[in-house]
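K.L.:
Compute the structure for the input listed below.
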Amino acid sequence: MSLYPEDVKILNINNRTFYLIGTAHISKISANLVEEVIRNESPDCVCLELDKKRFDSLKNKKKWDNLNLKEVIKKKQLSTLLLNVALASYQKKLAKKLDIEPGNEFLTATIAAEDLDIPIELCDRDIRITLRRTWKSLSFIEKFKLLFFGDKNNNFESEVNENLLSELRKTDVISKMINDLGESLPSLKRVLIDERDHYLAEKIRQCAGNKVVAVVGAGHMLGIIDYLENHKKTNLKEIEKIPPISIGWKIFGWSLPILIIGSIIYIGLNRGMDEAGQNLIIWILANGIPSMVGAIIALAHPATILSAFISAPITSLTPVIGAGYVAAFVQINYSPPLVKNFNSVIEDFSNPKKWWSNKLLKVFLIFILTGLGSAFGTYFGAFKIFNNIFTKTI
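P.N.:
Below is the predicted model of the structure:
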């Protein structure tokens, strides 16, 4: 008979004992349970569902200070930063209702392990890899669902308490939640849950010592237990890679620009340069105006609005960079986010009005709206040019 509640699963595998503690990352009870198990068992190793970046962020309250936003944009990682903020914001809202910092159980585990001089292993995949793999795996519709997912959970948020979290830590309820998530966002579940189940389990197995305590989110418990008990193996290097763009998407990404440029050249050769010029103007206006309107709606800096209009017709002819990135880069040069904007971004994310007042969220808003405007303009402009060729040929 176990001394611990059902949140703790004890596995005996190959003469080694694994104490898996399934936690709700916003639960005080989870934090207390983690401390109890570590101090009672004095394991050879404590394994945490964290990577180094998140571990440092938990211990360092000024985690935004070292963020170089220009580098994020240059590396085209603004979308993954947005995803990170979206997920952190949702967890922060729930944690605030319980007056606890998200991930407090990891800090508690760290303090207990350090007091007992027990080695700590960080067993999760690099958060940047996870986010980039996640974002690349999502379709446009799935990205939209994710960014606005919080609105569908207001009832849950209003009722959250430790009694509910106790239910959520139970394996069967967590399994249902994960399955529900898989139905609406299958790609998100595969990368955030399934891949990390395997990654965490393999890292836990690699930890030194015969007695290991692993602190993980309850949603990972079933996957980790199945992996360890059935002696499964995973090539960690394979799921640490950022998936390259497929040949099919590369062909698709370049095919439309080639068709547009080819169509304008065709019109110029067969109907004269005047008509080719008219179609070029159609392309410029069809792309520039919607992208510019997106920047105006976001209340962007005038230079950003101008850059959106100028860049959209050009960036639409190359899949290398989008108008959203150009506009975002110009915005942070003319209206850089302040320290207070970084510090409050997770709290402000769920308040629509704050997207216009928080300068960091405004960069995200500009990135999204100018990108959407340019995408709309690309297909509208292409339709108009192709239609001109077709109707006049007939």
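K.L.:
only C-alpha atoms for contact and neighbour calcs from this point on.
P.N.:
OK.
K.L.:
pLDDT-wise, which helix or strand of the chain ranks last?
P.N.:
helix 154-159 (a mean of 46; mean pLDDT, DSSP states H and E).
K.L.:
Give me the residue at the spatial middle of this structure.
P.N.:
Using C-alpha atoms, centre = their mean, the residue of the chain that lies closest to the mean C-alpha position is Leu83, 3.0 Å off.
K.L.:
so that residue sits right up against Leu131, yeah?
P.N.:
Yes. The pair Leu83 / Leu131 is scored as a contact, 7.1 Å apart, by C-alpha atoms under 8 Å.
K.L.:
For Ser291, which residues are in contact?
P.N.:
If a contact means C-alpha atoms under 8 Å, 6 or more residues apart in numbering, then Ser291 has 308-309, 312, 323, 369-374, 377 as its contacts.
K.L.:
In strands, which of those residues appear?
P.N.:
Among the contacts of Ser291, no member is found in strands (DSSP state E).
K.L.:
Can you add neighbour count and distance to Gly223 and give these back as a markdown table?
P.N.:
Below are these laid out as a markdown table (neighbours: other C-alpha atoms under 10 Å; distance: C-alpha to C-alpha, whole Å):
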| residue | neighbour count | distance to Gly223 |
| --- | --- | --- |
| Ala308 | 36 | 46 |
| Phe309 | 26 | 49 |
| Ala312 | 32 | 45 |
| Ala323 | 32 | 41 |
| Leu369 | 23 | 38 |
| Thr370 | 35 | 40 |
| Gly371 | 26 | 38 |
| Leu372 | 18 | 38 |
| Gly373 | 24 | 41 |
| Ser374 | 31 | 42 |
| Gly377 | 25 | 44 |
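K.L.:
and which of the residues you listed is nearest Trp135?
P.N.:
Closest approach to Trp135 among the contacts of Ser291 (C-alpha to C-alpha): Gly371, at 15.8 Å.
K.L.:
Now that closest one. Nearest residue, chain neighbours left out?
P.N.:
Among residues not flanking Gly371 along the chain, Gly324 sits closest, at 4.4 Å (C-alpha to C-alpha, 6 or more residues apart in numbering).
K.L.:
Tell me how far that neighbour lies from Ser57.
P.N.:
Distance, Gly324 to Ser57, using C-alpha to C-alpha, to the nearest Å: 28 Å.
K.L.:
so Ala214, which of the three states?
P.N.:
Classification of Ala214 by DSSP: H, G, I helix; E, B strand; the rest coil places it in strand.
K.L.:
Look up the closest residue to it, ignoring the ones flanking it.
P.N.:
Cys47 (4.5 Å).
K.L.:
for Ile13, same thing?
P.N.:
Glu229 (7.1 Å).
K.L.:
Counting neighbours, what do you get for that neighbour?
P.N.:
Using other C-alpha atoms under 10 Å, Glu229 has 12 other residues around it.
K.L.:
Report the separation between it and Ala201.
P.N.:
For Glu229 relative to Ala201 (C-alpha to C-alpha), the value is 10 Å.
K.L.:
For Pro319, list the residues it contacts.
P.N.:
By C-alpha under 8 Å, 6+ apart, the neighbours of Pro319 are 253-254.
K.L.:
surely Leu185 meets Ser137?
P.N.:
No. Under the criterion of C-alpha under 8 Å, Leu185 makes no contact with Ser137, lying 10.2 Å away.
K.L.:
Let me know whether the residue nearest to Ala214 touches Val213 as I believe.
P.N.:
Yes. With contacts counted by C-alpha under 8 Å, Cys47 reaches Val213, the gap being 6.1 Å.
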